[in-house]
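Student: here is my input; please provide its structure:
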Amino acid sequence: MPPFPRVRYDIQCEPLRTGHVHGTFLDRRSPVAAPELVLSQRELEYLRSRSVLGHDQDEVPHEMERIND
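Tutor: Prediction:
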């Protein structure tokens, strides 16, 4: 396989109201021999919660939608 460099950015977001930690991960890859061929993707993930208070499980998907928008 030819060299296939990768650029990745990791961004974490923690809304103060809930303490849930979400991550946005951006990836870009392209073969050295053909830099015009690009594979890129973005992922949004729930990582963990740092809240000491109880929370509603339904708020996680709503937060993720807000972050995605």
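Student: now do the helices in the protein.
Tutor: Here the chain has its helices, by DSSP state H, at 59-68.
Student: which intervals of it have sub-threshold pLDDT?
Tutor: Within the chain, the stretches with pLDDT under 70 are 52-56.
Student: what ranges do the strands span in it?
Tutor: 6-13, 20-29, 39-49 (DSSP state E).
Student: tell me the contacts of the residue nearest the centre of the chain?
Tutor: The centroid of the chain falls nearest to Thr24 when counting by Cα atoms, centre = their mean (1.7 Å). The neighbourhood of Thr24, defined by Cβ atoms under 8 Å, 6 or more residues apart in numbering, consists of Asp10, Ile11, Gln12, Cys13, Arg42, Glu43, Leu44, Ile67. (Glycine included, C-beta is placed from N, CA and C.)
Student: swap in Phe4?
Tutor: Here Phe4 is in contact with Arg29, Ser30, Pro31, Val32 (Cβ under 8 Å, 6+ apart).
Student: out of these, who's the most crowded?
Tutor: Ser30 (17 neighbours; other Cβ atoms under 10 Å).
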